[in-house]
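> Got a predicted structure plus its sequence, pasted below:
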Amino acid sequence: MDDFRGLTTKKFVPSDYCSDGCCKGLKWDCKDTLCYPILTNRIFSCAILKSATLSTILRNATFKVVTPLTYGLAGEKVCIKEVVGVKYKCLGLRNNYSDDPKHPDAILKECLDDEDLCFKPISGPICSCKDSSGYSKKLYNEYISKEKFQKHYCLDDICNTKGCDDESEGIKIKIYHNDVEYYVCDFKVIVKAQLKDCPDKEFLGVFEIPGITKLSDCINLNNLKETGLGLPSPYFYGNLCVPFERDSLIYKKFDGRFKVDCVTRASELYPVYSSSSLENSESDSGESENSESGSSELVNLKSGPNKYKFKADIVLCFRPKETVYTIIKDVIGVKGTLDIECDCDISQPGDNDCCDNHHGCHDSKPCNCGSSDTYDEIED
């Protein structure tokens with residue numbers, strides 16, 4: 001095999017070599033290149049697991065008015081004009097296999113055709129969020145299987161190694177995951193409201209649960225530091241294509257989307273006697289919040305004094321999502337473009353014209369070729 005020492009990496013851009021960004025059938029002329037394989041990770045298949053949309057009602061939630069209003073409006077009836085959206089710092093799971101394996105939350109398990117598989121975070125936390133005691137809790141949303149998975153038998157006669165929709169040989173298996181515990185950090189619901197008797201007086205109201213909140217915990221709006229959102233734990237299920245009799249790793253990413261169906265039964269305005277303002281929702285590391293609305297009203301929530309508040313019911317929905325990938329080790333092609341400097345030794349017999357023909361350096365003597373080759377790696 002040729003010595004490829006001295007090769008330097010240069011990014012391979014698929015669009016430079018094939019149409020529509022698709023690398024199937026990619027070809028190059030090996031007359032002017034070095035072509036050899038490398039072993040790397042490759043996505044074998046992908047599946048989005050299904051789950052029901054979860055819903056809850058937050059009754060008598062307190063909204064702080066963040067738009068400056070004049071004095072003397074206490075007792076005025078509030079009407080909700082529109083729901084601006086939901087805002088939060090981050091959404092994820094607390095399962096971290098490496099922190100405390102003895103703790104139930106530390107181990108994330110999923111069932112693949114009646115086989116339990118344990119998972120660990122693939123990278124660092126997406127954010128840290130303080131709990132009711134002031135301690136920072138880490139949230140994660142990307143995991144990879146702790147052990148390799150291999151399917152080496154079929155559960156029924158229908159099962160075969162051509163059961164997947166793609167060209168790869170594989171088998172479809174059932175995958176399900178229950179009791180997934182989501183957490184959200186610095187959860188807010190923002191509405192635009194107006195006074196019943198003064199429709200021209202519009203203002204923003206913000207309902208906020210500071211710190212970390214477990215979505216499935218019971219609702220206790222009288223103590224926001226210990227309340228949950230009262231949502232059921234999601235149950236994910238679906239089919240996943242895995243290679244037959246071959247090791248693979250399972251990668252998964254958790255996500256979700258909040259939606260406020262409506263905010264109703266708004267009360268009258270109550271005066272707020274403290275001078276407290278909305279807490280800064282930015283993280284210590286400078287992370288910004290997530291917004292699930294197309295409105296620019298979500299940008300400045302700290303613009304005015306909180307002179308008033310009101311109560312209303314929030315009908316909240318949550319659509320959880322779990323995306324699963326099968327990862328395998330595979331061989332992909334690597335292209336090396338020749339750029340050779342030849343130093344011909346005329347004192348020895350052989351082809352002295354090798355410098356005019358770079359490939360002559362591999363076959364002709366004498367030639368001392370100083371290689372300044374570069375190669376492009378084909379990223380799968």
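Looks like it came in fine. Bear in mind the structure is a predicted one, so any value in this text is a computation, not a measurement.

> Could you double-check that Ala193 sits in contact with Val78?
Yes. The pair Ala193 and Val78 passes the contact test of Cβ atoms under 8 Å, sitting 5.3 Å apart. No exception for glycine: its C-beta is placed from N, CA and C like everyone else's.

> what residues do the two have in common as contacts?
Here Ala193 and Val78 share the contacting residues Gly205, Ala266, Phe310, scored by Cβ atoms under 8 Å, 6 or more residues apart in numbering.

> In the residues you listed, which residue is surrounded by the most others?
Highest neighbour count within the shared contacts of Ala193 and Val78: Gly205, with 26 neighbours (other Cβ atoms under 10 Å).

> Quick one: residues contacting the closest residue to Phe254 other than its chain neighbours.
Excluding the flanking residues, the one nearest Phe254 by Cβ to Cβ, 6 or more residues apart in numbering is Asn141, at 4.8 Å. By Cβ under 8 Å, 6+ apart, the residues touching Asn141 are Leu91, Gly92, Leu93, Ile126, Lys253, Phe254, Asp255.

> mind putting these in JSON lines, neighbour count and secondary structure included?
Output for the contacts of Asn141, formatted as JSON lines (neighbours: other Cβ atoms under 10 Å; DSSP: H, G, I helix; E, B strand; the rest coil):
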{"residue": "Leu91", "neighbour count": "23", "secondary structure": "strand"}
{"residue": "Gly92", "neighbour count": "22", "secondary structure": "strand"}
{"residue": "Leu93", "neighbour count": "21", "secondary structure": "strand"}
{"residue": "Ile126", "neighbour count": "19", "secondary structure": "coil"}
{"residue": "Lys253", "neighbour count": "13", "secondary structure": "strand"}
{"residue": "Phe254", "neighbour count": "24", "secondary structure": "strand"}
{"residue": "Asp255", "neighbour count": "15", "secondary structure": "strand"}
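
> Widest-spaced pair of those residues?
Distance extremes for the contacts of Asn141: the farthest pair is Leu91 and Lys253 at 11.8 Å, using Cβ to Cβ.

> for this structure, which spans come out with low pLDDT?
1-36, 99-101, 104-105, 152-163, 165-168, 274-289, 291-306, 333-380 (pLDDT under 70).

> can you pull the buried residues of the longest strand seen in it?
In the chain, taking DSSP state E as the definition, the longest strand is strand 308-337. Neighbour counts over strand 308-337 (16 or more other Cβ atoms under 10 Å) mark 308-312, 314-316, 318, 320, 322, 324-328, 330, 334-336 as buried.
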